[in-house]
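Engineer: just a sequence and a predicted model for now, questions to come.
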2 protein chains.
Amino acid sequence: MIGRKPLRDQAYQEILDRVHRGDLAPGTRVRDTSLAGQLGISRTPIREALLRLSREGILAADIGRGFSVCRLDSSEMRESGAILSALEVLALQTSADVPPERLGRLSDIDRELAAVRSDVDRTVGLEEEWHQTLLLGCPNRRLRDMIDNLWQVPRRYIRVYLREAGRVSLSTQHHARIIEALRRKDRLAAADRLAHHWERGIEELGSWLER
Amino acid sequence: MIGRKPLRDQAYQEILDRVHRGDLAPGTRVRDTSLAGQLGISRTPIREALLRLSREGILAADIGRGFSVCRLDSSEMRESGAILSALEVLALQTSADVPPERLGRLSDIDRELAAVRSDVDRTVGLEEEWHQTLLLGCPNRRLRDMIDNLWQVPRRYIRVYLREAGRVSLSTQHHARIIEALRRKDRLAAADRLAHHWERGIEELGSWLER
DNA sequence: ATTTCGTATATTGTATACAAAATACTTAAT
DNA sequence: ATTAAGTATTTTGTATACAATATACGAAAT
């Protein structure tokens, strides 16, 4: 076998998936012993994964009393959203022009996004893929990695919003307007619209959470 | 005793200090066993600290062959700097107006910065404190934490630059212009100047590194 | 019945043990 | 003398063990 992955990385992914699937609900205490048993590995790599997740804001770590899944909180969502928005805008501003081929893919994703209804997982996945595709040309690798990581937080909020508020998706109209600006090679305008897209999305989620 | 700190956090701080002091030079392999011996604790909390440092871009972690101190690389510095710049600008834009009392402190730091010569550690410390003080009023706690963390990277570059290039400090004139804008309660202008300050600093460091 | 205290249990944080893999070392062949 | 193969030694990644602390449970007192 060529690609060996440390157990801690596999554990990280698995735990993250469980949080996203709702298998580990907000507020739940996460016991390393129990996870170690379930995954059939020892506590050591589990704890390494938990420590990382707590640094990333998915879990809370109270000293001496272990980990728990962070509760959903509108101000936390607004804070993360503001950061992610600024970073995506920066990434887009400093990207090379988006080639037509990639613009086509973005439109494809949007079409699929409009077609898919009521499948929350698919919708969130496509929304994230759209953003990733948009920023694929950003030469700042560290920035791209950071953005990918930060996405884990809003993802949880979008998912619960789509599911519980019964909304089908966040408006894809904004996407279209961003693509339009990129077609004109006007990255500045596109970045502005991306910021606007985020603002609206954050506001939509925030006001729903604060209902 | 009231405030207990996990060993992993103490280890994290100690290792970080060693990297900054140059005790652990760029490229050095970092062996958990050796550190555990030196700090008189076991490998477990050491490895937790190393894992965290590698996520933060201070150490490199090659699977199966352990950790090493990241080599200084101008493009990495530019990438981190661009991110940090954007985040500090965001923080300043979304801050409350900086009260006169705090503006005074900023000026004090600048005066000290101008007075201190040839003490690299003190200079870097003051520069970082200046930025922290500037952003103290940012209500986005997550953003402030992220900025504090990210600072660990440029810190290494500034330190080596001041020491080896023989420069005394990065220009404090920019600081003064930022403060001036804040006196007029013009946060937007201040944010612009902060961005400019970063741009110039990054360019100065970058061109020196690429010499 | 409710509360308070004490004890048992579980869970954490840290230390140690072990197996696999990587590095360093030795020796033999050219 | 240099290289190469094979062996010994480190070093890593993971598992387990242990001590300290926190939680859960139950009995006694009000």
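Structural biologist: Nice, I can see it.
Engineer: residues in contact with A:L84?
Structural biologist: Counting by C-beta atoms under 8 Å, 6 or more residues apart in numbering or on different chains, A:L84 touches A:I147, A:L150, A:W151, A:V153, A:P154, A:W198. Just so you know, the C-beta spots here come from the backbone N, C-alpha and C atoms, and that holds for glycine as well.
Engineer: of the residues you listed, closest to A:E210?
Structural biologist: Proximity of the contacts of A:L84 to A:E210 (C-beta to C-beta) peaks at A:P154, which lies at 16.1 Å.
Engineer: tell me if the closest one really is in a helix.
Structural biologist: Yes: the assignment for A:P154 is a helix, going by DSSP: H, G, I helix; E, B strand; the rest coil.
Engineer: how long is stretch A:60-78 end to end?
Structural biologist: 18 Å (C-alpha to C-alpha, to the nearest Å).
Engineer: quick one: contacts of it?
Structural biologist: Applying C-beta under 8 Å, 6+ apart, the external contacts of stretch A:60-78 come out as A:19, A:24-32, A:50-51, A:53-54, A:57-59, A:153-154, A:156-157, A:160, A:202, A:205-206, A:209-210, B:4-6, B:142.
Engineer: which of those residues count as buried?
Structural biologist: Buried members of the contacts of stretch A:60-78, scored by 16 or more other C-beta atoms under 10 Å in any protein chain shown, are A:19, A:24, A:30, A:32, A:50-51, A:53-54, A:57-59, A:153-154, A:156-157, A:160, A:202, A:205-206, A:209, B:142.
Engineer: among those, which lie within helices?
Structural biologist: Judged by DSSP state H, helices contain the following of the buried ones among the contacts of stretch A:60-78: A:19, A:32, A:50-51, A:53-54, A:153-154, A:156-157, A:160, A:202, A:205-206, A:209, B:142.
Engineer: for the residue nearest the centre of chain A, grab phi and psi.
Structural biologist: Centroid-nearest residue in chain A, with C-alpha atoms, centre = their mean: A:W151, separated by 2.6 Å. Backbone torsions for A:W151, taken as degrees, to the nearest 10, come to phi -60, psi -30.
Engineer: and it, what does it touch?
Structural biologist: Applying C-beta under 8 Å, 6+ apart, we find A:W151 in contact with A:L84, A:E128, A:H131.
Engineer: what comes up buried for stretch A:158-172?
Structural biologist: A:I158, A:R159, A:V160, A:Y161, A:L162, A:R167, A:S169, A:L170, A:T172.
Engineer: spatially, which residue comes closest to A:L7, not counting chain neighbours?
Structural biologist: Residue nearest to A:L7 in three dimensions, not counting chain neighbours: A:P45, with 3.9 Å by C-beta to C-beta, 6 or more residues apart in numbering or on different chains.
Engineer: for chain A, which residue gets nearest to DNA strand C?
Structural biologist: Relative to DNA strand C, the nearest point of chain A is A:G66 (2.9 Å; C-beta to the nearest atom of the strand).
Engineer: how much space separates that residue from A:K185?
Structural biologist: Using C-beta to C-beta, to the nearest Å, we find A:G66 at a distance of 52 Å from A:K185.
Engineer: the two - which one has more neighbours?
Structural biologist: Just comparing A:G66 and A:K185: by other C-beta atoms under 10 Å in any protein chain shown the higher neighbour count belongs to A:G66, 16 against 10.
Engineer: next one: stretch A:203-211 to chain centre, how far?
Structural biologist: Mean C-alpha position of stretch A:203-211 versus that of the full chain (C-alpha atoms, centre = their mean, to the nearest Å) differs by 18 Å.
Engineer: and what of stretch A:96-104?
Structural biologist: The mean C-alpha position of stretch A:96-104 is separated from the chain mean by 22 Å, C-alpha atoms, centre = their mean.
Engineer: what does that stretch rub up against?
Structural biologist: When contacts are defined by C-beta under 8 Å, 6+ apart, stretch A:96-104 is touched by residues A:L106, A:T133, A:L134, A:L136, A:G137, A:P139, A:I179, A:L182, A:R183, A:K185, A:R187.
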